[in-house]
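Q: no sequence on this one, just coordinates:
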């Protein structure tokens, strides 16, 4: 796996998605679900940014917004230097080949009525750049590159195992030579042994084609294997961004530390002190004022309850949204007052 990225492929700035809550016979909007509320990050060529957090934090919504499967409420999505958030549908179509998606469920994301060759060749046909014979050669080559034989083109999805189906989904995303692939929990539905094979395939493809990945996951073990940088989301906002090694060595945000502590250790004889958080995640319809994590944070002070912390660089290359973190502070978080 390569290190730092070279050229910037994606830049997201102030991205928001607020879903209206409608009630009554007239379907009046009475509130908004703040699913994504001001998210910003960048991804470079050959880089994997992992977006992690609890279920419902908004990470999958971010992926859908970047591909404009759903329309953003606010913000910029710079893909290859162009803000695609405001493009009309006809113009947007030309940019769709630059960003593709690998879905979570390899069983539901493939049309059972189409052969593997048709599924992988469909994106090529949509852009109309190849004749039938050339398209068939391209499909065969892509299938072989992801570990499937060329004769698999004539098979239907039900004839493949779960891991093979996900390879088929990867081949479909790879067919049009995208610069960015958004992988939304791509291995969570697979057996552990198959997960490793698919992850290694994604890493090999990245090295070969300098692909940029937005890898969405809740599994920190998977993230530690494939990621370069990690962005942690909580209740619609990013609370920490750091290189993988630095984050796992010393998380700066208490929510990040709680996520790491909640992951099981492979050796049952090893014991460690855990940062325990209590309570439920607040409703995104009415998020708490100040820091959104303060209702569950064991270190919260008065300032946390009234003033929202900015996502800022406290250590070179690391961003954190926490009032209790001073510049240069990388040690364990205590009850200090800013």
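A: Noted; the coordinates are in hand. These numbers come from a predicted model, not from an experiment.

Q: in three-state terms, label residue 290 for me.
A: coil (DSSP: H, G, I helix; E, B strand; the rest coil).

Q: what number of residues lie near it?
A: With neighbours defined by other C-beta atoms under 10 Å, the count for residue 290 comes to 18. C-beta coordinates here come from the backbone N, C-alpha and C atoms, glycine included.

Q: roughly how far apart are it and residue 332?
A: Distance, residue 290 to residue 332, using C-beta to C-beta, to the nearest Å: 23 Å.

Q: repeat that for residue 215.
A: 28 Å.

Q: could you do residue 273 as well?
A: Counting by C-beta to C-beta, the gap from residue 273 to residue 332 is 10 Å.

Q: of these two, which one has the most company?
A: residue 332 (10 against 7).

Q: quick one, what contacts the more buried one?
A: residue 250 (C-beta atoms under 8 Å, 6 or more residues apart in numbering).

Q: then residue 227?
A: 48, 49, 50, 215, 244.

Q: element containing the fourth one?
A: Assessed by DSSP states H and E, residue 215 sits inside strand 212-217.

Q: ok, the second one next?
A: Remark: residue 49 resides in strand 48-52, with elements defined by DSSP H and E.

Q: would you give the sheet partners of that strand, along with the direction of each?
A: The strands beside strand 48-52 in its sheet (DSSP bridges) come out as strand 212-217 (parallel), strand 229-234 (parallel).

Q: so which of these comes closest to residue 37?
A: strand 229-234 (10.2 Å; C-beta to C-beta).

Q: hmm, residue 184 is touching residue 66, no?
A: No: checked against C-beta atoms under 8 Å, the pair residue 184 and residue 66 is beyond contact range at 10.7 Å.

Q: the contacts of residue 227 into TSV, with extra columns for pLDDT and distance to residue 41?
A: Formatted as TSV, those follow (pLDDT from 0 to 100; distance: C-beta to C-beta, whole Å):
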residue	pLDDT	distance to residue 41
48	97	12
49	98	6
50	98	11
215	98	12
244	96	15
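
Q: in the stretch 151-300 of the chain, which spans are helices?
A: With DSSP state H, counting those that start in this stretch as the criterion, the stretch 151-300 of the chain has helices at 162-174, 192-209, 220-226, 244-249, 254-262.

Q: next, the angle from the second one to strand 212-217.
A: Counting by axes from the mean of the first three to the mean of the last three C-alpha atoms, to 10 degrees, helix 192-209 points 160 degrees away from the direction of strand 212-217.

Q: quickly list what the spatially most central residue of the chain is bridged to.
A: Nearest to the mean C-alpha position of the chain, counting by C-alpha atoms, centre = their mean, stands residue 216 at 2.8 Å. Here residue 216 sits in beta bridges with residue 51, residue 184, as judged by DSSP bridges.

Q: which one of the helices of the stretch 151-300 of the chain lies nearest to residue 71?
A: Of the helices of the stretch 151-300 of the chain, nearest to residue 71 by C-beta to C-beta is helix 162-174, at 22.0 Å.

Q: helices or strands up against that closest one?
A: strand 99-102, helix 116-127, helix 132-145, helix 192-209 (3 or more C-beta pairs under 8 Å, 6 or more residues apart in numbering; DSSP states H and E).

Q: so what touches it?
A: 100-103, 106-107, 109-110, 116, 119-120, 122-123, 139, 142-143, 145-148, 152, 157, 160, 181, 186-187, 189-191, 194, 197-198, 201-202, 205, 209.

Q: residue 59: which of the helices of the stretch 151-300 of the chain is closest?
A: Comparing these by C-beta to C-beta, helix 220-226 comes nearest, at 11.5 Å.

Q: now for that closest one, which elements pack on it?
A: Helices and strands touching helix 220-226, by 3+ C-beta pairs under 8 Å, 6+ apart, are strand 48-52, helix 192-209, strand 212-217, helix 244-249.

Q: TSV please, covering those and showing distance to residue 285.
A: Below are these laid out as TSV (distance: least, C-beta to C-beta, whole Å):
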stretch	distance to residue 285
strand 48-52	22
helix 192-209	35
strand 212-217	23
helix 244-249	30
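
Q: out of these, which gets nearest to residue 283?
A: strand 48-52 (21.1 Å).

Q: that closest one vs helix 254-262, what angle?
A: 90 degrees.

Q: show me how far strand 48-52 is from its chain's centre.
A: 5 Å (C-alpha atoms, centre = their mean, to the nearest Å).

Q: in the stretch 1-150 of the chain, which spans are strands?
A: Counting by DSSP state E, counting those that start in this stretch, the stretch 1-150 of the chain has strands at residues 8-23, 28-44, 48-52, 74-79, 82-83, 99-102.

Q: for these, which one sits closest to residue 306?
A: Nearest of the strands of the stretch 1-150 of the chain (C-beta to C-beta): strand 28-44, 17.7 Å.

Q: partners of that closest one, with directions?
A: strand 8-23 (antiparallel).
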